[in-house]
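[1] whatever this is, show me its structure:
(2 chains)
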Amino acid sequence: MAPVDMATIPEKENDKWVLRLYVAGQTPKCVAAFANLKKICAEYLDNRYEIQIIDLLENPQLARGDQIVAVPTLVRNLPEPVRKIIGDLSNTEKVLVGLDLRTRN
Amino acid sequence: MRKNSEVSRPELAKSPTGIRGLDEITFGGLPHGRPTLVCGRAGCGKTLFSIEFLVHGAIDYDEPGVFIAFEETEDDLTKNVASLGYDLADLSRRKKLMIDYIRVERSEIEETGEYDLEGLFVRLGYAIDAIGAKRVVLDTIEAIFSGFSNVNILRAELRRLFRWLKEKGVTAVITAEQGDGTLTRHGLEEYVSDCVILLDHRVHEQISTRRLRVVKYRGSIHGTNEYPFLIDDQGISVLPITSLNLEHRASSERVSTGIETLDQMFGGKGYYRGSSILVSGMAGTGKTSVAAQFVDAACRRGERCIYFSSEESPAQVIRNLRAIGLDLEPWIKKGLLHFDATRPNFYGLEMHLLRIHKLVERIKPKVVVFDPLSNYLSLGNDLEVQSMLTRLLDYLKGLQITSIFNTLVEGGHAELQSEVGVSSLMDVWILLRNLEYNGERNRGLFILKARGIAHSNQIREFIFTDHGIELKDVYVGVDGFLTGSARTAHEAREKAAAQLRREATERRRREIARKRRALEAQILALRAQFENEADEINKEIALDTTREQVLESGKVEMARARLGNGPAKVRRERNGKGA
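    Numbers count the residues shown, from 1 in each chain, chains lettered A, B, ... in the order given. Presented below is the predicted three-dimensional model:
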């Protein structure tokens, strides 16, 4: 796994990352997504992150706010701009690109 | 009979759309509890179609609806349909409608691994449950194809979505962009196959026409034609609703044409109310004047009229009609006559039809005039024109409105060849014709047909007077009919001949009298002569009688003498001598 290119995110270093994971019940995809997310955060974001899990089956009205269509969806609200990553987050490489933790090739 | 067949063949449950005309074509609306696909190219009216479906459902049929918008925000939608008088915000407040704008932005989304569209299901389900929705619109779901790259997942999820919608029992409208050679760009027709409606927007010679076709309707009969439809400030109308049957009432009321002599040609009673009347003729044969007489007569009866003028301005028509003693202006002021002057090529045929419908609905006339119809005929091909006319006529007849169509017969065309078979749609056909004779051009009028009316078969000469139109009998002689000065001359000749005949009769009468007098004189003379002669004869008879008596007495004396002696006889002779 390639190291994080910290040069691309210098100003975000001290920002607090707010990550929301939208799931719909305990489906295998959702469970996998949560596990993968925790692993990535622990590895790349130290303690500068906060993960909120939103179960749409319990709070369907919340899907509207972040324009959720696919499940699971990971939304990075902070720092701006908003980023969305859908799927079970099994491809760490893509997750890092999606979160702007790594530049797109 | 009818009841039995209904029982044995239960009709598919349907949800009326409330869109004018569509529910007639589909015999009741969209399949209830099933998804319907509405496809067409950009700008063909898909979104409006679906909004109307929901709004009518919410207001007219007490079926709340959910609108899932993939293309426009709630604000945009609300503003866009506000001009149609639809207050989406109010419907939302009253929980009759719920709009959810779903934005799928490819650039914001990174895909990693397995996912599904449960978010869409959750939102849709939430919205449906929140207001107890019976109707759902997805406009247009294909947008997700641009937001997500895994087509296999999308297809599987769409299949699941439509199955889920059916299970929910909601009547759904799914819109989709038309593809090249396919109904939809992404093949949605594979999933939604209960009912497919295709909307089309064509521009032909700079005039646009919208058309709607029910491509498929599983388990139901439906009109299969392409039906023109309109979008105006009242939304979508598939027009006209009455074009599907021929069941209009037939009035037996007869009304005057306004020309007494023409009424006489119609069996003395005029035409049937609600007739379609074609007045055709070449330029300058007096079509407008004939139509104006009809209008004038209707206004005199207190009936409202609409005059669709496509060549002249109202002011010009009125001025020109004053020349023949027809003043329509008071009727306009009284609100009985409404002029509508537009250049036909300003709108397409369908738009005209709509304008006519709306004016008729507003004014509720008894008579409408199209002067001339010819100008409308250039707006489409024969088929379109005939379709428009049929629908127009059905509409007007359904309302028992008399319609008068003036058509111009071009020089060089056979005058009986009416454009695009217009004449077969008409109940009455009045033909105006130029009669050229003796160096003059005069106008002739005859009734070519009048359904259900014993009409005159004669050609009448048509004369403008300062008190309207008059029809004169036409003289038919060895050279054909006589009109104009030839007719006048003929009339004069006839008068002279009649005078001569009268004089001759008088003469004969006098002759008889004279002869009678002569005869009587002769009789008198003869009688006088006879009496003279009778007198003479009587005198002679009297004389003879006297002589007879004398002779008789002479004989007696002689006998007496003979009875005495001989000498007595002599003596008597002597005596006789001596006497």
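[2] beta partners of B:K14?
    B:P31 (DSSP bridges).
[3] wait, doesn't it sit right on B:L30?
    Yes: B:K14 is within contact range of B:L30, at 6.5 Å (criterion: Cβ atoms under 8 Å). Heads up, the C-betas are built off the backbone N, CA and C, glycines and all.
[4] could I get the longest helix along chain A in PDB with only the CA atoms?
    Longest helix in chain A by number of residues, with DSSP state H as the criterion: helix A:28-44. Output in PDB follows, covering the C-alpha atoms of helix A:28-44 (Å, rounded to 0.1, in the frame of the first residue of the first chain):
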ATOM      1  CA  PRO A  28     -23.400  -7.900   4.700                       C
ATOM      2  CA  LYS A  29     -22.500  -4.900   2.500                       C
ATOM      3  CA  CYS A  30     -23.200  -2.400   5.300                       C
ATOM      4  CA  VAL A  31     -21.300  -4.400   7.900                       C
ATOM      5  CA  ALA A  32     -18.400  -4.800   5.600                       C
ATOM      6  CA  ALA A  33     -18.400  -1.100   4.800                       C
ATOM      7  CA  PHE A  34     -18.300  -0.100   8.500                       C
ATOM      8  CA  ALA A  35     -15.400  -2.500   9.200                       C
ATOM      9  CA  ASN A  36     -13.500  -1.200   6.200                       C
ATOM     10  CA  LEU A  37     -14.100   2.400   7.200                       C
ATOM     11  CA  LYS A  38     -12.900   1.900  10.700                       C
ATOM     12  CA  LYS A  39      -9.800   0.300   9.500                       C
ATOM     13  CA  ILE A  40      -9.000   3.100   7.000                       C
ATOM     14  CA  CYS A  41      -9.700   5.800   9.500                       C
ATOM     15  CA  ALA A  42      -7.500   4.200  12.100                       C
ATOM     16  CA  GLU A  43      -4.700   3.900   9.700                       C
ATOM     17  CA  TYR A  44      -4.900   7.300   8.000                       C
END
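[5] what comes up buried for the helix or strand just after that helix?
    Per DSSP states H and E, helix A:28-44 leads on to strand A:49-55 as the next helix or strand towards the C-terminus. Judged by neighbour count (16 or more other Cβ atoms under 10 Å in any protein chain shown), strand A:49-55 contains these buried residues: A:Y49, A:I54, A:D55.
[6] where does the closest residue to B:F162 other than its chain neighbours land on pLDDT?
    In space, and not counting its chain neighbours, B:F162 is closest to B:Y191: 4.8 Å by Cβ to Cβ, 6 or more residues apart in numbering or on different chains. We have a pLDDT of 83 for B:Y191.
[7] burial measure for B:Y191, as a count.
    Burial measure for B:Y191: 19 neighbouring residues, criterion other Cβ atoms under 10 Å in any protein chain shown.
[8] any idea how far it lies from B:E118?
    Note on B:Y191: its distance to B:E118, by Cβ to Cβ, to the nearest Å, is 18 Å.
[9] what residues does the stretch 1-150 of chain B have near chain A?
    Contacts of the stretch 1-150 of chain B with chain A, taken as Cβ under 8 Å from any Cβ of the partner chain, map to B:100, B:102-105, B:108-120, B:122-123, B:125-126, B:144, B:147-148.
[10] and these, which of them are buried?
    Using 16+ other Cβ under 10 Å, the buried ones in those are B:100, B:102, B:104, B:108-120, B:122-123, B:125-126, B:144, B:147-148.
[11] alongside chain B, which residues does chain A contribute?
    Contact residues, chain A versus chain B (Cβ under 8 Å from any Cβ): A:22, A:24, A:27, A:29, A:32-33, A:56-57, A:60-61, A:63-64, A:67-73, A:82-91, A:94-95, A:97-98.
[12] now intersect those residues with the strands, please.
    Judged by DSSP state E, the subset of the residues of chain A next to chain B located in strands is A:Y22, A:T73, A:R83, A:K84, A:I85, A:I86.
[13] the third one: neighbour count?
    What it means is A:R83. A:R83, neighbours per other Cβ under 10 Å, totals 18.
[14] phi and psi next, for the closest residue to it other than its chain neighbours.
    The shortest distance from A:R83 to any residue other than its chain neighbours is 4.2 Å, reached at A:R76 (Cβ to Cβ, 6+ apart). Dihedral pair for A:R76: phi -100, psi 110, per degrees, to the nearest 10.
[15] quick check: A:R76 touching A:W17?
    Yes: judged on Cβ under 8 Å, A:R76 makes contact with A:W17 at a distance of 6.8 Å.
[16] quick revisit: identify the residues contacting the residue nearest to B:F162.
    B:L158, B:R159, B:F162 (Cβ atoms under 8 Å, 6 or more residues apart in numbering or on different chains).
[17] just give the number of residues close to the residue of chain A found nearest chain B.
    Residue nearest to chain B within chain A: A:G98 (3.2 Å; Cβ to the nearest Cβ). By other Cβ under 10 Å, the residues close to A:G98 number 24.
[18] what does B:G169 give?
    11.
[19] how about it: what's its closest non-neighbour residue?
    Spatial nearest neighbour of B:G169, chain neighbours left out: B:G33 (4.6 Å); criterion: Cβ to Cβ, 6+ apart.
[20] what separation do you get for that neighbour and B:R135?
    Distance from B:G33 to B:R135, counting by Cβ to Cβ: 10 Å.
[21] overlap in contacts of those two?
    B:S15, B:V170, B:T171.
[22] give the contact list for the first one.
    Put plainly, it is B:S15. By Cβ under 8 Å, 6+ apart, the residues touching B:S15 are B:G29, B:L30, B:P31, B:H32, B:G33, B:G57, B:Y61, B:E63, B:K134, B:R135, B:T171.
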